[in-house]
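Participant: Sequence first, then the predicted structure, then my questions.
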Amino acid sequence: MAVDKSMHVLVVDDYKTMVRIIGNLLGQLDFKNVDDATDGNVALEKLRRGDYGLVISDWYMEPMTGLQLLREVRADAKLKEIPFIMVTAESKTENVVEAKKAGVSNYIVKPFNAETLKNKLTAVFGAF
């Protein structure tokens, strides 16, 4: 299965600059429908109302962390199949293990570039 670049992608990060950076990287990879949320609660609301094909979320956010958002998404019958990529500055093994247990599709450590993002998307979706 190839990546559908017309799918809606939700970028979740409480740091506006990071939202813009990830949005730009997705744009470089020809994604056209990129939406954003500044925290997990807003993201969950958008996910339940919208039709998203991918979530890219920061780990450390308030009041709901990326890990809590991931758990909410995986617990929701309508949302549980959406691929979920976690972005973090931490590469601690216990965080990776915790995210894997919660059902993360892939994991990106900051900083990263379009090539890294493309590789992670290929790992999640198959052919690019």
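Facilitator: That came through fine. Since we're looking at a predicted model, the values are computed, not measured.
Participant: where in the chain is pLDDT low?
Facilitator: Under the criterion pLDDT under 70, the flagged ranges of the chain are 1.
Participant: Now Lys100: which helix or strand?
Facilitator: helix 93-102 (DSSP states H and E).
Participant: any residues touching that helix, and which ones?
Facilitator: Residues outside helix 93-102 that contact it (Cβ atoms under 8 Å, 6 or more residues apart in numbering) are 59, 67, 70-71, 74, 86, 88, 107. In this view, the C-beta of every residue, glycine as well, is placed from N, C-alpha and C.
Participant: Show me these that map onto strands.
Facilitator: Where the contacts of helix 93-102 overlap with strands, as defined by DSSP state E, the overlap consists of 86, 88, 107.
Participant: if you skip the residues just before and after it, what's nearest to the last one?
Facilitator: The shortest distance from Tyr107 to any residue other than its chain neighbours is 5.1 Å, reached at Met86 (Cβ to Cβ, 6 or more residues apart in numbering).
Participant: Check for me that Glu115 belongs to a strand.
Facilitator: No. If the criterion is DSSP: H, G, I helix; E, B strand; the rest coil, then Glu115 is helix and not within a strand.
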